[in-house]
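[1] Structural data only, the sequence is not supplied:
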């Protein structure tokens, strides 16, 4: 029996109930209860610790993830603010400057270069005029890949790159198209001097046709473009542009100043964030298009100045899809989500960009919950492992403790069971340092001694019945058919005078011991000892279907054993006992008779009185065992008997047939009849029948011809005398052979 049985019990309530209600050995129960309490305690502690720690970590993870989403949003907003700041700084400066001569102003170029270095998210700063003049400043590392494609290599010490495109209206053709417009590149070295200008490839780029210029020239407010593909320095790369009109002091429009930010810059911000081991971050718009992501995969596809932002579905991230689906289901009211996907738990934090920024972007950070609670789970698993080790050690200690406690209790339980079975031999002795066990041992020992003493006064069968049936003793009885026995020692008064009292008690006790043993070994119950007499019965308190048979057998065994004892006693100089026995079968009232303070389990009724009278008739007929007709009818096929008479005992008017029990016909060799006994009984029965049919002369002749078994047979003499009397004085016609006794 072990703790895993407790878990199996949960499968079925019926089995679980049976498991907890079934009887178990003390050692197993101590072991089970100890391990169960320890296991439950450990599990509760582990469970509570895991729950409280998980809840704390979960709350911290929520705060951390929300702060991370806010931080990422703030970093991207900072990049946007850098663009706006640079525009707000340079637009006023350019409003009073000759824009066509800006390339010769090295201080202005160095200032813009410094701004690009300071604002790392900006890729280029530039402006364009209505006349077609375009001026752009970029950092070398930004334009290096593009310059290399033109077959030119940037100097290692270049600090910035300037690109100028000039559209001269005077060289326009009749169809108003621009002819041979080139990009002119200038390299600034160490912020002091410029390398000789070079002419790049011919270009068809005209900023005046770009959305950032067209939309901004119509408004004096700062504008943010939608995502588009850059066509200038970072050709083929997608991004957004902040732009504002350049207005001089007279309110004349001079051009548009702009700053570019690549979407790649936003993705770099997300990638650099160290949120958790498996956390991912995305920026998406109101159409669920991915603007930036922390993964290595691209989120925008560019082809021939056309682009396509991948949607949440296109990106193929089912966890992101599940998070945004739940976010949309909540209508964006919950900025923190806790959800499951394929049995794994995730947490997600959303953050919207400020409304001042014209694009409706949102940033989301998603992380598996295990990133935060994995260590707790590992600690829990380690704790479980250590707990199992502790349980194993506890099992061995509990096993030793259980054996130490249960061994003496098991011994005492066995002793108590022996007492229940009235096996009262031996002493109860346990040396235990446990006070309760020592006291219990003494109590059971005292109980055993007491029961042993009382067993001499109370029938053991009765005690067994009360114990087995858990019946309490109370006054009352019920009618029951039993076979009764009365015994008496012939001439006991004369015998008792020949012995001293102490010797008489010993001698009589030996007699009672032998007969009682034989009676009880044949399922009989010794009711009481009345002087030298014994009263016993069969069929109560333990039911006995063969109570008449067992009573007759016990009577024969008693006489057989008494013959042996008499030979022994005679050789030892003790007086011999001749016992007369009466047996009768009938209904009696049997139960606890007496008072509330003193009662006796006995039988009362006419059958008891008749049985006592039958025992006394042995003296008149010179017999040893007389049984009633009721007994005879039950056992006549098993025992050898001769009819004795039809008598009405003293105090009774109704006559009953009586028989002498002589031997047992089968089963026990020691009780089998001799040939002489068989012949004697056959002849006596024949003579008795002649007697009952008034053939007294023939009956007398036969009675006188029968040879007695023991030399003298008083019954033969009685019937011979009756025959002579009836020959002289025949009885009346209604005579049925009955004799009315006037003495007991």
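    Nice, I can see it. Computed from a predicted model, the values in this text were never measured in an experiment. Residues are numbered from 1 along each chain as shown.
[2] Going by C-alpha atoms from here, please, whenever you check contacts or count neighbours.
    Will do.
[3] and the closest residue to residue 696 other than its chain neighbours, what pLDDT?
    Leaving aside its sequence neighbours, residue 696 sits nearest to residue 723 (CA to CA, 6 or more residues apart in numbering; 5.1 Å). If you check residue 723, the pLDDT there is 94.
[4] do the same with the one 3 residues further on
    For residue 726, the model assigns a pLDDT of 93.
[5] can you pull the contacts of it?
    residue 696 (CA atoms under 8 Å, 6 or more residues apart in numbering).
[6] quick revisit: from the chain's centroid, how far away is the helix or strand harbouring the residue nearest to residue 696?
    Take DSSP states H and E as the rule and residue 723 turns out to sit in helix 714-728. For helix 714-728, the separation from the chain centroid amounts to 88 Å (computed by CA atoms, centre = their mean, to the nearest Å).
[7] ok, then the element right after that helix?
    Taking DSSP H and E, what comes next after helix 714-728 is strand 738-740.
[8] before we move on, the earlier item: I'd like the distance between the residue nearest to residue 696 and residue 680.
    Going from residue 723 to residue 680 by CA to CA, to the nearest Å gives 19 Å.
[9] What is the neighbour count of residue 77?
    By other CA atoms under 10 Å, the residues close to residue 77 number 16.
[10] before we move on, what about residue 52?
    12.
[11] can you pull the pLDDT of the closest residue to residue 158 other than its chain neighbours?
    Closest residue in space to residue 158, ignoring its immediate chain neighbours: residue 189 at 4.3 Å, by CA to CA, 6+ apart. According to the per-residue confidence, residue 189 scores 81 in pLDDT.
[12] in the sheet, who's paired with residue 189?
    Beta-bridge pairing for residue 189 (DSSP bridges): residue 158, residue 193.
[13] confidence score at residue 730?
    92.
[14] what's the spacing between it and residue 689?
    17 Å.
[15] try residue 576
    Taken as CA to CA, the span from residue 576 to residue 689 is 36 Å.
[16] Residue 45 too?
    For residue 45 relative to residue 689 (CA to CA), the value is 97 Å.
[17] Residue 511 too?
    From residue 511 to residue 689 the distance is 39 Å (CA to CA).
[18] who has more neighbours, those two?
    residue 511 (18 against 14).
[19] can you tell me the helix or strand for that one?
    Applying DSSP H and E, one finds residue 511 within helix 501-521.
[20] same deal with residue 121?
    In the assignment (DSSP H and E), residue 121 maps to no helix and no strand.
[21] which phi and psi does it have?
    Here is the backbone geometry of residue 121 (degrees, to the nearest 10): phi -80, psi -20.
[22] shouldn't it be in contact with residue 81?
    No: judged on CA atoms under 8 Å, residue 121 makes no contact with residue 81 at a distance of 10.2 Å.
[23] So if I had to pick from the two, which one is more boxed in?
    More crowded of residue 121 and residue 81, by other CA under 10 Å: residue 121, with 24 against 16.
[24] mind giving me the domain split of this structure?
    Split into domains by automatic domain parsing, the chain comes to 74-366, 491-670, 674-735.
[25] With respect to residue 373, which of the ones you listed lies nearest?
    Residue 373 lies closest, by CA to CA, to one member of those: domain 74-366, at 10.7 Å.
[26] May I have the distance across the closest one, first residue to last?
    OK, domain 74-366 end separation, CA to CA: 17 Å.
[27] isn't residue 529 right up against residue 536?
    No: using CA under 8 Å, residue 529 is not in contact with residue 536, being 9.0 Å away.
[28] Among those two, which residue is more densely surrounded?
    Using other CA under 10 Å, the more surrounded residue of residue 529 and residue 536 is residue 536, with 23 against 14.
[29] The residue lying closest to residue 370 once chain neighbours are set aside sits in which helix or strand?
    Excluding the flanking residues, the one nearest residue 370 by CA to CA, 6+ apart is residue 345, at 7.5 Å. Per DSSP H and E: residue 345 is located in strand 344-352.
[30] Kindly list the longest strand within this structure.
    If you go by DSSP state E, the chain has its longest strand at strand 579-594.
[31] For that strand, buried residues please.
    579-593 (16 or more other CA atoms under 10 Å).
[32] And for stretch 347-355?
    So for stretch 347-355, counting by 16+ other CA under 10 Å, buried means 347, 348, 349, 350, 351, 352, 353.
[33] Ok, stretch 245-258 next?
    245, 246, 247, 248, 253, 254, 255, 256, 257, 258.
[34] Make TSV from these and add pLDDT and secondary structure to it.
    Listed next are those as TSV, based on pLDDT from 0 to 100; DSSP: H, G, I helix; E, B strand; the rest coil:
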residue	pLDDT	secondary structure
245	92	strand
246	91	strand
247	91	strand
248	88	coil
253	90	strand
254	90	strand
255	92	strand
256	93	strand
257	93	strand
258	92	strand
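[35] biggest separation within those residues, which pair?
    Between all members of these, the farthest pair (by CA to CA) comes out as 248 and 258, at 16.6 Å.
[36] Name whatever forms a beta bridge with the closest residue to residue 352 other than its chain neighbours.
    Once flanking residues are discounted, residue 352 sits nearest to residue 362: 4.4 Å by CA to CA, 6+ apart. Applying DSSP bridges to residue 362 gives these bridge partners: residue 284, residue 352.
[37] Would you map the strands across the stretch 551-700 of the chain?
    579-594, 599-604, 625-628, 639-648, 656-664 (DSSP state E, counting those that start in this stretch).
[38] Out of those strands, flag the one nearest residue 231.
    Of all these, strand 579-594 sits nearest to residue 231, with 121.1 Å by CA to CA.
[39] Which other helices and strands does the closest one contact?
    Using 3 or more CA pairs under 8 Å, 6 or more residues apart in numbering; DSSP states H and E as the contact test, the elements touching strand 579-594 are strand 476-489, helix 547-572, strand 599-604, helix 606-621, strand 625-628, helix 629-635.
[40] Indicate which one of those is closest to residue 341.
    From the helices and strands packed on strand 579-594, taking CA to CA, the stretch that ends up closest is strand 476-489, at 78.2 Å.
[41] Sheet-wise, list the partners of that closest one with their directions.
    strand 533-538 (antiparallel), strand 579-594 (antiparallel).
[42] Any buried residues in it, and which?
    Applying a neighbour-count criterion of 16+ other CA under 10 Å, one finds 477, 480, 481, 482, 483, 484, 485, 486, 487, 488, 489 buried in strand 476-489.
[43] Tell me if I'm right that the third one and residue 603 touch.
    Spelled out, that is residue 481. No: between residue 481 and residue 603 no contact is recorded; they are 10.5 Å apart, counting by CA under 8 Å.
[44] what sits in contact with each of those two?
    residue 588.
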